[in-house]
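>>> Quick one, fold the following:
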Amino acid sequence: MRDRDLYTRGQILLMRYCRQENIELIDLIDSDKTLIRCPDGDSMKTTLNIYGDIMDYETGKIIDEGDNPHTLWEPQKWPMKWTRTDGEQLSEPKKTL
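Purely as a prediction, here's the structure:
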């Protein structure tokens, strides 16, 4: 079975984001929400908007912007990478062996 057979599109994008950014995924809360652990030990609920941007669920603030165009006139694709909107780094850099 493939991921798309087991999870919603929102869950797949949020899991991909966590893997890419090396963020600990604590739980999939709903079809479009996750609970993640931040490097400082706190946890945060995240969700996404229709463009695939990662958002703080509590505040609605965009944390990381997806690489999709932010227009409804172009067909939407799945974001493949995200860029920090505030210049801060949510996760520790990945370490290679």
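>>> Could you pull out the helices in this protein for me?
3-6, 9-21 (DSSP state H).
>>> Out of the ones you listed, which one sits most buried?
Sort those by mean neighbour count, taking mean count of other Cβ atoms under 10 Å, and helix 9-21 sits at the top with a mean of 18. C-beta here means a position set from N, CA and C on the backbone, and glycine is covered the same way.
>>> could the helices of the chain be laid out in CSV, adding mean pLDDT and distance to Tyr51?
What follows is the helices of the chain, written out as CSV (pLDDT from 0 to 100; distance: least, Cβ to Cβ, whole Å):
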stretch, mean pLDDT, distance to Tyr51
helix 3-6, 73, 19
helix 9-21, 90, 11
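>>> got a markdown table for the ones you listed, with distance to Arg37 too?
Listed next are the helices of the chain as a markdown table, based on distance: least, Cβ to Cβ, whole Å:
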| stretch | distance to Arg37 |
| --- | --- |
| helix 3-6 | 22 |
| helix 9-21 | 10 |
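>>> Quick one, which of those gets closest to Lys61.
Of all the helices of the chain, it is helix 9-21 that lies closest to Lys61, at 15.5 Å by Cβ to Cβ.
>>> From the chain's centre, how far out is that closest one? Work that out for me.
Centre-to-centre, helix 9-21 and its host chain are 5 Å apart (Cα atoms, centre = their mean, to the nearest Å).
>>> Which strands and helices lie in contact with that helix?
Applying 3 or more Cβ pairs under 8 Å, 6 or more residues apart in numbering; DSSP states H and E, one finds that helix 9-21 contacts helix 3-6, strand 24-30, strand 33-37, strand 43-48, strand 82-84.
>>> So in that sheet, which strands flank the second one, and in what orientation?
Within its sheet, strand 24-30 is paired with strand 33-37 (antiparallel), according to DSSP bridges.
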